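Participant: Here is the input, now give the coordinates:
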Amino acid sequence: MKKILAILLATSVALSLAACGGTAAPAASGTSSSAPEAAPSSEPSADKILKIGVVQLIEHDALDAAYLGFVDGLKEAGYEDGKNIQIDYQNAQGEQANCVTIADKLVNDKSDLILAIATPAAQAVANKTKDIPILVTAVTDPADAKLVATNAAPGGNVSGTSDLNPIKEQMSLIKELVPTVKKVGMLYSSSEANSVFQVNLAKEELKAMGIESVDYTVSNSNEVQQVVQSMVGKVDAVYSPTDNTIAAGMATVAMVANPAKLPVIVAEGGMVKNGGLATYGLSYYNLGKQTAAMAVKILAEGAKPADMPIEYLKETDLIINKTTAEALGITIPQALAGKAQIVETVAAQ
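Facilitator: The predicted structure follows:
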């Protein structure tokens, strides 16, 4: 009996030591404790609803198209609002103070990613967080706007897409449509960094062409009509970059300029449809979709904005407004008409 008890006691001690010893327990079937982590999937996670905050500076065709392209691009990649993502879209109605308030909200709500549409909106958000990934779009030069260290290597929590347009081609378009042009009025908001950047490039191109340029700036939308009226009889044509204040007030610009026979070359297709004469411009919808592809890399693959260069669209379209050309008495050269998208002015709502 004593021998049996001794054997049982020895067995119990051995089992206890095995349970507490330094040897790891066997991994479950098909797994290993030292196995590398699986590569990140581009498929959205089904167990977490991601918060995506959006701040848009103002409503106009280009920025609206960029947002729509972003949403559609996410949906095509499997990220759909109300299902596995929650989009908090906020519009600042053109007010910088509203951009700041919205930025505070999106940061305090602990968004997983923030999309900023237009330079002032991007600057407001970038000043509020250095941790949440921020993607920008409809920003002409993020480095010039102090949003990134360089466009090739952002280095922080901000990256995205640029809406830099073919300025040289746009200046050549002025000469093609207005062969006698000698002086061009530059119509833009002096408070928008993206506009100042584009106008400086345009001035260099015009100077090389032997054409004079004169600045006509506005500080808010209420000044647009008066400033355009002041240009009549003083310049031969007008150029407006992708300026948010002018784009939002393009119908007002056309209302003054077209009856005065003052051609307005613009930088974006929506501005042409709202009364501008022509542009070589990019698709803001496609720009938004390209930004969505960057968002998927961040959300699903763990990419960091710091390592994601600013991206650009290479394709541009020639767009000419037939209604405006007729009002100005301009005959569209066949060389341009043959390759242009011809549109008519959008009727006022």
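Participant: Let me see the contact set for the spatially most central residue of the chain.
Facilitator: By C-alpha atoms, centre = their mean, the chain has its centre lying nearest to Thr137, at 1.1 Å. Contacts here follow C-beta atoms under 8 Å, 6 or more residues apart in numbering; on that basis Thr137 touches Ala66, Phe70, Leu115, Ala116, Ile117, Gly160, Thr161, Asp163, Leu287, Gly288, Thr291. (Glycine included, C-beta is placed from N, CA and C.)
Participant: Show me the strands paired with the helix or strand hosting it, marking each as parallel or antiparallel.
Facilitator: Following DSSP states H and E, one finds Thr137 within strand 134-139. Partners of strand 134-139 in the sheet, by DSSP bridges, are strand 113-117 (parallel), strand 158-162 (parallel).
Participant: Now tabulate the ones you listed in a markdown table and tack on distance to Leu187, mean neighbour count and mean pLDDT.
Facilitator: Rendered in a markdown table, the data for the strands paired with strand 134-139 read as follows (distance: least, C-beta to C-beta, whole Å; neighbours: other C-beta atoms under 10 Å; pLDDT from 0 to 100):
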| stretch | distance to Leu187 | mean neighbour count | mean pLDDT |
| --- | --- | --- | --- |
| strand 113-117 | 22 | 29 | 98 |
| strand 158-162 | 22 | 27 | 98 |
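Participant: what's the closest of these to Ala145?
Facilitator: strand 158-162 (9.9 Å; C-beta to C-beta).
Participant: Packing partners of the following helix or strand past the closest one?
Facilitator: Using DSSP H and E, the next helix or strand after strand 158-162 towards the C-terminus is helix 167-177. Secondary-structure packing of helix 167-177 (3 or more C-beta pairs under 8 Å, 6 or more residues apart in numbering; DSSP states H and E): helix 193-208, strand 237-240, strand 264-266, strand 278-281, helix 334-337.
Participant: Show me what the third one is in contact with.
Facilitator: Strand 264-266 has contacts (C-beta under 8 Å, 6+ apart) with 170, 173-174, 177, 187, 237-240, 250, 253-254, 257-258, 272, 275-279, 281, 324.
Participant: Distance from the chain centre to the helix or strand that that strand is followed by, please.
Facilitator: Next helix or strand after strand 264-266 toward the C-terminus (DSSP H and E): helix 269-273. Mean C-alpha position of helix 269-273 versus that of the full chain (C-alpha atoms, centre = their mean, to the nearest Å) differs by 17 Å.
Participant: Stretch 93-110 now?
Facilitator: 17 Å.
Participant: Buried ones in it, by neighbour count?
Facilitator: Buried positions in stretch 93-110, judged by neighbour count with 16 or more other C-beta atoms under 10 Å: Gly94, Asn98, Cys99, Val100, Ile102, Ala103, Leu106, Val107.
Participant: Ile132 is in contact with the last one, correct?
Facilitator: So that's Val107. Yes. Counting by C-beta atoms under 8 Å, Val107 does reach Ile132; the two are 6.5 Å apart.
Participant: re earlier: kindly indicate which of the contacts of Thr137 lies nearest Leu313.
Facilitator: Leu287 (5.6 Å).
Participant: neighbours around that closest one, how many?
Facilitator: For Leu287, the neighbour count with other C-beta atoms under 10 Å is 25.
Participant: same thing with the one 3 residues further on?
Facilitator: Applying other C-beta under 10 Å, we find 20 residues neighbouring Gln290.
Participant: ok, Tyr280 - contacts?
Facilitator: Asn165, Pro166, Glu169, Gln170, Leu173, Thr316, Asp317, Leu318 are the contacts of Tyr280 under C-beta under 8 Å, 6+ apart.
Participant: Let me know the pLDDT of the nearest residue to the third one once chain neighbours are set aside.
Facilitator: So that's Glu169. Spatially, and ignoring its direct neighbours in sequence, Glu169 is nearest to Tyr280 (4.4 Å; C-beta to C-beta, 6 or more residues apart in numbering). At Tyr280, the model reports a pLDDT of 96.
Participant: Show me what counts as buried in stretch 147-155.
Facilitator: Leu147, Val148, Asn151, Pro154.
Participant: Tell me which two of those residues sit farthest apart.
Facilitator: Leu147 and Asn151 (9.5 Å).
Participant: What average pLDDT does stretch 65-85 get?
Facilitator: Computed over stretch 65-85, the average pLDDT equals 97.
Participant: Just the buried residues of it, please?
Facilitator: Neighbour-count burial for stretch 65-85 [16+ other C-beta under 10 Å]: Ala65, Ala66, Tyr67, Gly69, Phe70, Val71, Gly73, Leu74, Ala77, Tyr79, Asn84, Ile85.
Participant: Any idea how far apart the tips of it sit?
Facilitator: 20 Å (C-alpha to C-alpha, to the nearest Å).
Participant: re the thing from before, winner for burial among the helices and strands packed on helix 167-177?
Facilitator: strand 264-266 (a mean of 29; mean count of other C-beta atoms under 10 Å).
Participant: Strands along this protein, start to end?
Facilitator: 50-56, 85-91, 113-117, 134-139, 158-162, 183-189, 212-218, 237-240, 264-266, 278-281, 311-312, 317-321, 341-343 (DSSP state E).
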